[in-house]
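Asks: prediction below, plus the sequence it came from.
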Amino acid sequence: MMKVGLIGYGKAGAAVARVIDADERFELRWIARRTTDPTDTGHPVTRLAADSFPAWLDRHPVDAVIDFSDASAVHIYGEAIRRRGITLVSAISAYPKETLAYIRDLGRDIRVMSSPNITLGINFLMFAARMLRRIAPFADVEIVEQHFRDKPEISGTARKIAEKLEVDNERITSLRLGGIVGHHEVIFGFPYQTVRLVHDSIRREAFGTGAAFALHELAKYPPGFYTYDDLLLNLIRQDLAVGSAQPAHA
Ligand SMILES: NC(=O)c1ccc[n+]([C@@H]2O[C@H](COP(=O)([O-])OP(=O)(O)OC[C@H]3O[C@@H](n4cnc5c(N)ncnc54)[C@H](OP(=O)(O)O)[C@@H]3O)[C@@H](O)[C@H]2O)c1
């Protein structure tokens, strides 16, 4: 069973903890956060600080850490996990350029995956959409995103999809309605057919499912910096033998 530490226990982290707790492949050993908030997490909790964290790790060893805290936190724990060979799955949505370079550098010594979109569903949607775009570059592409009424900005995920498909942001339509958690749809308009790829977020626990997938997959690989696409692509290559296609009657 893989021993895991979780950094960050906010809206996302608390949901991730529930998923990791319920997954028999993992044992959630501790939670680290910025404050000493007295909320009962059901796990040992430490305040993440550069002077005390290495000793905490030695007393509470883990195989991997998941980061759902803040872009600055990796500078507090990075060297401590590098020295101990601990795997890192970071879900931080936006790192400054220098921090991203530092995280890539950690990949020289430990297994690292950093993903601003960690749900399995959205990553699969992006992956499938890119394949279809490659196969049918002539098809029209529109992206529709729907979120709760008060979300002010265009969804970052929709912008990411547009970037990956190399279409203009003007191809994104945003709808704001009631309490929709998150809906992303990529529509491919062919001359005689239409393909729709749709993802609906239901609960934040989906972040935990994505982190669990990354932990499980990363464990198969040597130290390095991996993206979600790397993990999906390797899985498809290995398990579905893509790339060794033979004529059906060879
Ligand atoms: N990749 C994805 O798909 C995805 C999905 C959801 C969220 N995220 C990212 O995950 C992060 C957290 O999101 P959230 O909505 O859960 O935020 P949140 O509710 O504000 O919670 C942040 C948590 O991180 C802790 N924290 C903040 N700075 C820290 C530091 N320097 N050291 C240790 N702990 C620190 C906080 O500690 P205290 O509790 O002590 O204040 C809190 O527990 C954000 O970067 C967000 O963008 C990514």
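Replies: Looks like it came in fine. Residues are numbered from 1 along each chain as shown.
Asks: got the residues of the chain near the ligand?
Replies: Residues of the chain found near the ligand (Cβ under 6 Å from any ligand atom) are 7-13, 32-35, 37, 48, 68-70, 72-73, 91-93, 115-119, 207. Placement of C-beta: from N, CA and C, glycine included.
Asks: in strands only, show me those residues.
Replies: If you go by DSSP state E, these have 7, 32-33 in strands.
Asks: between those, which sits nearest the ligand?
Replies: R33 (3.5 Å; Cβ to the nearest ligand atom).
Asks: what bridges to that closest one?
Replies: When bridges are called by DSSP bridges, R33 pairs up with R47.
Asks: can you offset everything so residue one is 52?
Replies: Taking 52 as the first residue, the last one we looked at is R84.
Asks: kindly state the pLDDT recorded for it?
Replies: R84 is assigned 95 on the pLDDT scale.
Asks: give me the number of residues near it?
Replies: Neighbour count for R84, taken as other Cβ atoms under 10 Å: 21.
Asks: my guess is it contacts L57. True?
Replies: No. If you go by Cβ atoms under 8 Å, R84 and L57 don't touch, sitting 9.1 Å apart.
Asks: give me the common contacts of those two.
Replies: G64 (Cβ atoms under 8 Å, 6 or more residues apart in numbering).
Asks: one step back: how about TSV for the ones in strands among the residues of the chain next to the ligand, with distance to P105 added?
Replies: TSV is the format used below for these (distance: Cβ to Cβ, whole Å):
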residue	distance to P105
I58	14
A83	12
R84	17
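Asks: can you pull out the strands in the protein?
Replies: So, for the chain - with DSSP E - the strands run 53-58, 77-84, 96-98, 115-118, 138-141, 162-165, 191-198, 223-227, 234-240, 245-251, 275-277.
Asks: picking that back up, which of the residues of the chain next to the ligand are buried? Put it as a ChimeraX command.
Replies: Of the residues of the chain next to the ligand, the buried ones go into a single ChimeraX selection, burial set by 16 or more other Cβ atoms under 10 Å:
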select :58,59,60,63,64,83,84,85,99,119,120,124,142,143,166,168,169,170,258
